[in-house]
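# Let's see this in three dimensions:
(one chain, ligands or ions: 2)
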Amino acid sequence: MTPPLINLYGLTRAELGALVAGWELSPVHAARLWKYLYLEGASEFAAMDELPVRLRSRLEAETSLGHLVISRETHSSDGFTRKYLLGLSDEHRIETVLMRYTGRTTACISSQVGCAMGCVFCATGQMGYTRHLTAGEIVAQAVHVDRVLRHTAEDNPALAEAEHSSPHHRHERLRNIVLMGMGEPLHNYDAVMKAVDILCDGAGMGLSAKKITLSTVGVVPGIHRMTDERRQVRLAVSLHGATQAARAALVPAARAWPLDALMEACRRYTVTLDRRIFFEWTLIEGKNDGPDEAHAVGALLKGMQAQVNLIPLNPTSGYTGLPSHTVAAKRFQEILAGYGLPSTVRQRRGIDIGAGCGQLAVAESA
Ligand code: SAH
Ligand code: SF4
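Ligands and ions are numbered 1, 2, ... in the order given. Got it, this is the predicted structure:
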């Protein structure tokens, strides 16, 4: 039986170096290959014409460029959001979103096919869990978005030329990532952190870990591990309820990791790393958007390095709740401000193409 192809996007620079060294080829070629992968966005081995033929033929025989096949691309009428349905090397598919507003380009990437956490209002939770993504599949989503930006620049070279001077930066580069697509990133800790390390490698994509935000439903052991490993990515924690009972009704994972333990892990993170946490709160009309809830959130987070991101509920087929009115969101913010807690209301983007928070899902049978 032939061994499976090695996805090059799943290798750190050191691992790629070891692979090439194992073939008795020079580290210079490994360094050149890394540039092809991350600085030039090469999409086939044939384009890597500065590599020796012997290396290219081994790469072709034993590795893959981990391509994600675009099954569908949709553009939102807001003009800022694009969603990609991407095929993996098996029969499964995932969704990745590209957002471009206020001068920033952000990729919202997935960490799993589906999700095991079952939050009632989330389309990914409603589809259930299929499998973890590999580090290579996570990295490949960022590379895909970076390639889209490169091609957009090629469509308009004069603009790209005017904006950037270095030959490698003639196009808009991907700078921000949110791990807020399909899946629970801390349920797939090793692959997610390996992907982050690859994307932050200074000789490659060179992203800043501070511009990568990881959102978790509250997997307590994962938060402790991030603290112990002094992980530099920004942390967002989905709260949605300020008491154990209220939270567990919306977020079943709260039964495994109760609110007390979650808050203890969050406090330890902010104190040990001297870094703030973003708490996400999906605003559902009449359910968790009243003054009582706002006061409860205020009391819970008071004194912590915290910021609250309020997300008016986006529609999904499996949940009947409605988003809160603007007035309710404003009142919620005012109450939080009384506890010294800054907050923002997330802008609703990409809703017409199902690219908003919690709307990503793939019909597995389709
Ligand atoms: N699994 C991670 C990250 C993916 S979800 C997590 O749960 O944090 C990203 C954010 O979207 C989370 O805060 C999630 O609670 C929120 N969300 C899920 N469904 C939503 C919906 N229908 N409307 C608005 N926000 C939603
Ligand atoms: Fe999973 Fe996050 Fe959706 Fe909950 S909100 S089901 S944790 S993706």
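
# How about the residue in the chain that ligand 1 sits nearest to: what's its closest non-neighbour residue?
Across the chain, no residue is closer to ligand 1 than Gly358, which sits at 1.8 Å (Cβ to the nearest ligand atom). (Each C-beta comes from the backbone N, C-alpha and C, glycine too.) Distances taken as Cβ to Cβ, 6 or more residues apart in numbering place Cys122 nearest to Gly358, at 4.2 Å, with adjacent residues excluded.

# Next, count neighbours for that neighbour.
26 (other Cβ atoms under 10 Å).

# correct me, but it touches Ala116?
No. Using Cβ atoms under 8 Å, Cys122 is not in contact with Ala116, being 11.8 Å away.

# dump the residue contacts of the closest residue to Lys211 other than its chain neighbours.
Nearest non-adjacent residue to Lys211, counting by Cβ to Cβ, 6+ apart: Asn176, 4.8 Å away. Taking Cβ atoms under 8 Å, 6 or more residues apart in numbering, we find Asn176 in contact with 104-107, 211-213.

# What about these, which one has the most neighbours?
For the contacts of Asn176, neighbours tallied by other Cβ under 10 Å; top is Ala107, 25 neighbours.

# in stretch 88-102, what counts as buried?
Buried residues in stretch 88-102, counted by 16 or more other Cβ atoms under 10 Å: 88-89, 92-99.

# For stretch 18-30, the averaged confidence score.
Averaging pLDDT along stretch 18-30 gives 96.

# swap that for stretch 287-306, sorry
pLDDT averaged over stretch 287-306 gives 97.

# Just the endpoints, please. Distance across that stretch?
Start-to-end span of stretch 287-306 (Cα to Cα, to the nearest Å) is 23 Å.

# got the buried residues for it?
So for stretch 287-306, counting by 16+ other Cβ under 10 Å, buried means 287-290, 293-298, 300-301, 304, 306.

# need the residues you listed in a markdown table with secondary structure, can you?
Output for the buried residues of stretch 287-306, formatted as a markdown table (DSSP: H, G, I helix; E, B strand; the rest coil):
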| residue | secondary structure |
| --- | --- |
| Lys287 | coil |
| Asn288 | coil |
| Asp289 | coil |
| Gly290 | coil |
| Glu293 | helix |
| Ala294 | helix |
| His295 | helix |
| Ala296 | helix |
| Val297 | helix |
| Gly298 | helix |
| Leu300 | helix |
| Leu301 | helix |
| Met304 | coil |
| Ala306 | strand |
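
# would you turn the residues you listed into CSV with distance to ligand 1?
Converted to CSV, the buried residues of stretch 287-306 look like this (distance: Cβ to the nearest ligand atom, whole Å):
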residue, distance to ligand 1
Lys287, 12
Asn288, 12
Asp289, 12
Gly290, 18
Glu293, 15
Ala294, 17
His295, 21
Ala296, 18
Val297, 14
Gly298, 19
Leu300, 16
Leu301, 15
Met304, 18
Ala306, 14
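
# Next, give me the two most distant ones among the residues you listed.
Using Cβ to Cβ, the buried residues of stretch 287-306 reach their maximum pairwise distance at Lys287 and Met304, which is 24.1 Å.

# neighbours around Val69, how many?
10.

# so what's it bridging to?
Gly87 (DSSP bridges).

# how about the contacts of Asn176, which pair is most distant?
Most distant of the contacts of Asn176, by Cβ to Cβ, are Thr105 and Thr213, 14.2 Å apart.

# got the contact list for the residue of the stretch 251-366 of the chain found nearest ligand 2?
In the stretch 251-366 of the chain, the residue that lies nearest ligand 2 is Gly358 (5.7 Å; Cβ to the nearest ligand atom). Neighbouring residues of Gly358 by Cβ under 8 Å, 6+ apart: 119, 121-124, 282, 311, 313-314, 316.

# Among the residues you listed, which are located in strands?
Taking DSSP state E as the definition of strands, the contacts of Gly358 contribute 282, 311.

# per-residue pLDDT, the residue of the chain closest to ligand 1?
86.

# and if you look at His169?
His169 is given a pLDDT of 49.

# again, but for Leu159
For Leu159, the predicted pLDDT is 44.

# Same question for Thr102.
67.

# thinking Gly356 is in contact with Pro312, fair?
No. Gly356 is beyond contact range of Pro312, at 9.4 Å (criterion: Cβ under 8 Å).

# quick revisit: now render the contacts of Asn176 as a markdown table, adding distance to ligand 1 and secondary structure.
Output for those, formatted as a markdown table (distance: Cβ to the nearest ligand atom, whole Å; DSSP: H, G, I helix; E, B strand; the rest coil):
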| residue | distance to ligand 1 | secondary structure |
| --- | --- | --- |
| Arg104 | 18 | strand |
| Thr105 | 19 | strand |
| Thr106 | 13 | strand |
| Ala107 | 14 | strand |
| Lys211 | 17 | helix |
| Ile212 | 13 | strand |
| Thr213 | 10 | strand |
